[in-house]
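Undergrad: the sequence isn't on hand, but the structure is:
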């Protein structure tokens, strides 16, 4: 690669290691764009690198459809000076990986991110004699099994990690739910100004009075802004009071949306727009929409 | 103790180990009552023991005022057949514990529950060369330091654990926020029927239509039921749809409350009352109320 080519590469940060679900989200989001990648072991380091403009974008998991939000990321984005400029959904398909030649009956120890264990709950109930060792990420767990060369160890990770670290898929598809997705945020030091941005993520605190959150949601409802997610996070130093992180459909290009948010902000004790970006309309997001419309006619299933 | 005395002991389950914050919550809640205690390493084991009536009560952390909800517990209570019959708030005061004679400059490794590290974030920023090892609980981290007899290791835990495991407090008060509390649920196989129960915890899912959550909160607001907490948890197998776990003030003895909840339930796709119990009015809860009224006149502080 010559110097000219190099100058066109976008510096992107990614959580975890090569072969991680984050790297899969990154490759999907930046498909056909030249990027140079820096991997981060810790959410905080990646978010601070974005805020300091050391990298142009960061890819970071925010929410899994089975185990819920990565709440630490909510807190870090709120505290650091960066914005959400995109989102990417990825289907999660965990397998049990081990060194080639390892037999299932030899396994004593399994490495994974804690969410990996949680998402394969039913599988691990059948193997209560294995020691579950929480590790930084699924991909790093696979790398560790390769590095240590220990044939009594296994990792919970995806097929990309198996290929990358030369491991065999000892037991495929060990996840509890077949409809398991992770949503990633693409973060940047500045707001997205694209014409087609249709989703807003914001954070607010309400007055401490009855009905405060009810009235907040009324601003969205009566102005036709559909809320797709609400997450409460503690206000450190203010016991049992909360930040509300909210996703609503809307664009800051629309004067009606801007007026709604201005009115709302005046009724909040804290209000910050964390990003306005195009919602994910890609493969995994399409799969979720199709699946939803299929089950819409059925009753809501009981909690599995 | 003779046989008669023994028969009056209430079998209580507790998360963690002797010296844990959970055991502090248990001792506060069951003060002056004779109890026999079983400790559990895993939330799931404790909750299943309550559901199976192996123990009469379980004490389990649900929410910390700095780091947020223990979301796994929400999911387990919803999935298992048990009820919330009480709550207990405890002030969290972490110290750095080590073997007697250990010097700060010798420390290489620190054990703690991940929330212990998170709640002492600022302290650990000054010690980035230490390896942070996540462990089951703060109390078990203290026990591990004692058991291994390793004078390069330390634990993040409370003073009760220091005393119990013969450790010295190497650095006291290493927590980031002085107003850090954990709320515990007391769970049982049956609903609390006490006259003075004034708080209801319930879980519901809404129709998948705009404004659905707004209309749910309207039921509470227009019927004078103050909502104190809202937590969204994923519906496994239904990507990016949510259970809402809600705490509201009210008693099922009040016919108006029962009517409100009946009306609400008819408008939800899933609805379950997880408990109706007396809210904590004790020392820590009183401290929080006093602190809140003191800062009410000030502006809401920016996020630390």
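TA: That came through fine. Here the structure is a predicted model, which is why all the values come from computation and not from measurement.

Undergrad: just list the residues touching the nearest residue to residue A:140 once chain neighbours are set aside, thanks.
TA: Leaving aside its sequence neighbours, residue A:140 sits nearest to residue A:17 (Cβ to Cβ, 6 or more residues apart in numbering or on different chains; 5.0 Å). The way it works is simple: take the backbone N, C-alpha and C, and place the C-beta from them, glycine included. Going by Cβ atoms under 8 Å, 6 or more residues apart in numbering or on different chains, residue A:17 touches A:23, A:39, A:137, A:139-140, A:143.

Undergrad: and with 10 Å instead?
TA: A:23, A:39-41, A:136-143, A:161, A:164-165 (Cβ atoms under 10 Å, 6 or more residues apart in numbering or on different chains).

Undergrad: cool, and residue A:155?
TA: A:94-98, A:109-113, A:116, A:133, A:135, A:138-146, A:161-162, A:165, A:167, A:170.

Undergrad: centre of the chain to the helix or strand hosting residue A:170, how far?
TA: Remark: residue A:170 resides in strand A:168-171, with elements defined by DSSP states H and E. From the chain centre to the centre of strand A:168-171 is a distance of 26 Å (Cα atoms, centre = their mean, to the nearest Å).

Undergrad: what residues of that strand count as buried?
TA: A:169-171 (16 or more other Cβ atoms under 10 Å in any protein chain shown).

Undergrad: in a markdown table, list these along with distance to residue B:183 and pLDDT.
TA: Formatted as a markdown table, the buried residues of strand A:168-171 follow (distance: Cβ to Cβ, whole Å; pLDDT from 0 to 100):
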| residue | distance to residue B:183 | pLDDT |
| --- | --- | --- |
| A:169 | 43 | 97 |
| A:170 | 42 | 97 |
| A:171 | 39 | 97 |
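
Undergrad: quickly list what the residue lying closest to residue A:46 once chain neighbours are set aside is bridged to.
TA: Distance criterion Cβ to Cβ, 6+ apart; nearest residue to residue A:46, sequence neighbours excluded, is residue A:40 at 3.8 Å. Beta-bridge pairing of residue A:40 under DSSP bridges involves residue A:15.

Undergrad: okay, now residue A:40: neighbour count?
TA: Neighbour count of residue A:40, defined by other Cβ atoms under 10 Å in any protein chain shown: 22.

Undergrad: I'd like to know how far it sits from chain B.
TA: Between residue A:40 and chain B the computed distance is 15 Å (Cβ to the nearest Cβ, to the nearest Å).

Undergrad: hang on, the earlier thing: now, among the buried residues of strand A:168-171, which is nearest to chain B?
TA: Nearest to chain B among the buried residues of strand A:168-171: residue A:171, at 20.3 Å, using Cβ to the nearest Cβ.

Undergrad: for that closest one, what are its contacts?
TA: A:94-98, A:104, A:107, A:120, A:123, A:127, A:154, A:156.

Undergrad: so residue A:26 versus residue A:133, what's the distance?
TA: 26 Å (Cβ to Cβ, to the nearest Å).

Undergrad: same drill for these two, tell me which one is more crowded.
TA: A count of neighbours by other Cβ under 10 Å puts residue A:26 above the other of residue A:26 and residue A:133, at 27 against 14.

Undergrad: that one belongs to a helix?
TA: Yes: assessed by DSSP: H, G, I helix; E, B strand; the rest coil, residue A:26 belongs to a helix.

Undergrad: surely it meets residue A:19?
TA: No: taking Cβ atoms under 10 Å as the definition, residue A:26 is not a contact partner of residue A:19, at 11.6 Å.

Undergrad: after the strand holding residue A:170, which helix or strand is next?
TA: strand A:181-188.

Undergrad: list the buried residues in stretch A:183-201.
TA: Across stretch A:183-201, burial judged by 16+ other Cβ under 10 Å covers A:183-189, A:191-192, A:197, A:199-201.

Undergrad: give me the pLDDT for residue A:1.
TA: Looking at residue A:1, its pLDDT reads 46.

Undergrad: where does pLDDT dip in chain A?
TA: A:1-7, A:295-304 (pLDDT under 70).

Undergrad: tell me which residue is most central in it.
TA: Centre of chain A computed as the mean C-alpha position; nearest residue by Cα atoms, centre = their mean is residue A:61, 2.2 Å away.

Undergrad: secondary structure element for that one, which one?
TA: Residue A:61 belongs to strand A:57-64 when elements are defined using DSSP H and E.

Undergrad: tilt between that strand and strand A:181-188?
TA: With axes from the mean of the first three to the mean of the last three Cα atoms, to 10 degrees applied, the angle from strand A:57-64 to strand A:181-188 works out at 150 degrees.

Undergrad: now check the next helix-or-strand element following strand A:57-64, is it near chain B?
TA: Next helix or strand after strand A:57-64 toward the C-terminus (DSSP H and E): strand A:68-69. Yes: Strand A:68-69 reaches chain B (Cβ under 10 Å from any Cβ of the partner chain) through A:68-69.

Undergrad: can you check stretch A:116-128 too?
TA: Yes: applying Cβ under 10 Å from any Cβ, one finds stretch A:116-128 touching chain B at A:118-119, A:121, A:125.

Undergrad: about what we covered before: partner strands of the strand holding residue A:170, with direction?
TA: Strand A:168-171 has these strand partners (DSSP bridges): strand A:95-98 (antiparallel).

Undergrad: tell me what the helix or strand following the strand it pairs with is packed against?
TA: Counting by DSSP H and E, the next helix or strand C-terminal to strand A:95-98 is strand A:109-112. Judged by 3 or more Cβ pairs under 10 Å, 6 or more residues apart in numbering or on different chains; DSSP states H and E, the packing partners of strand A:109-112 are strand A:95-98, helix A:114-119, strand A:131-134, helix A:138-148, strand A:153-157.

Undergrad: how about residues contacting the first one?
TA: It refers to strand A:95-98. With Cβ under 10 Å, 6+ apart as the test, strand A:95-98 has contacts from A:102, A:104, A:106-107, A:110-112, A:120, A:123-124, A:127, A:138, A:141-142, A:145-146, A:150-159, A:161-162, A:165-175.
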